[in-house]
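*Asks:* starting from these lines, generate the structure:
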Amino acid sequence: MGRRNEHTREELREIALQAAEHLVAEHGLAGLSTRKVVGHIGYTVGSLYMVFRNLDDLIVQMNERTLESLQARLLAAIADQPPAAAIQALAQTYITFALTETHRWLAIYQHRMPEGQPVPESLTDKVAGMFALAQQQLARLCPRRSPEDIALAARALWSGVHGICILGFDQKLEMAGGRPIQDVTRSLLDHYLAGFTQSPYEI
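*Replies:* You can find the predicted model right below:
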């Protein structure tokens, strides 16, 4: 790494985000602070605030990068897959990401904006992009379903898979039977999709 002041604003932004990601991966979101970031990159806190408005801005941008990484893995997992298999692949890839990038994944959900400040649209758009992947596959699987049904189903499935991940981390599922979270997720999707693929005029 170059000495202080040898980086452009964009380069400083990049190395600061990399440092934040490293700190979060090692210690969780609670282990992240502006002083720890600048300690890693050799700049002052004032220099960091020339690139980010505040710590929340840095965290939001870091979380957006995490979502971009997750989305890339999800897209790769569903390439050339039929819709039912693609939905299963989305869920299993999400679980794998949560298990291997746990602190970065958790930071997306643990961070809260200060009271009165909305979540940036850039972040909500990336979250919506994850739902859209599931919606696209559900629409392929059940073309007679309404867009409203598809959107609701996508959110229900993502919520179910996310909940299984959280319970798995807390070891609540092991206490209640010991099945791997991948198996529990597969069962959830198999049964949900079996009902959802029935004609809406038959249920």
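*Asks:* OK, contacts around the closest residue to residue 23 other than its chain neighbours?
*Replies:* Distance criterion Cβ to Cβ, 6 or more residues apart in numbering; nearest residue to residue 23, sequence neighbours excluded, is residue 32 at 5.0 Å. Placement of C-beta: from N, CA and C, glycine included. Contact partners of residue 32, counting by Cβ atoms under 8 Å, 6 or more residues apart in numbering, are 20, 23, 24, 55, 59.
*Asks:* out of these, the closest to residue 67 would be?
*Replies:* Nearest to residue 67 among those is residue 59, at 12.5 Å by Cβ to Cβ.
*Asks:* per-residue confidence for that closest one?
*Replies:* Looking at residue 59, its pLDDT reads 98.
*Asks:* wait, it touches residue 111, no?
*Replies:* Yes - at 5.1 Å, residue 59 and residue 111 qualify as touching, with contact defined as Cβ atoms under 8 Å.
*Asks:* which neighbours do these two share?
*Replies:* Residues touching both residue 59 and residue 111 (Cβ under 8 Å, 6+ apart) are residue 29.
*Asks:* how close does residue 33 get to residue 125?
*Replies:* 27 Å (Cβ to Cβ, to the nearest Å).
*Asks:* can you check residue 163 too?
*Replies:* From residue 163 across to residue 125, the span is 23 Å (Cβ to Cβ).
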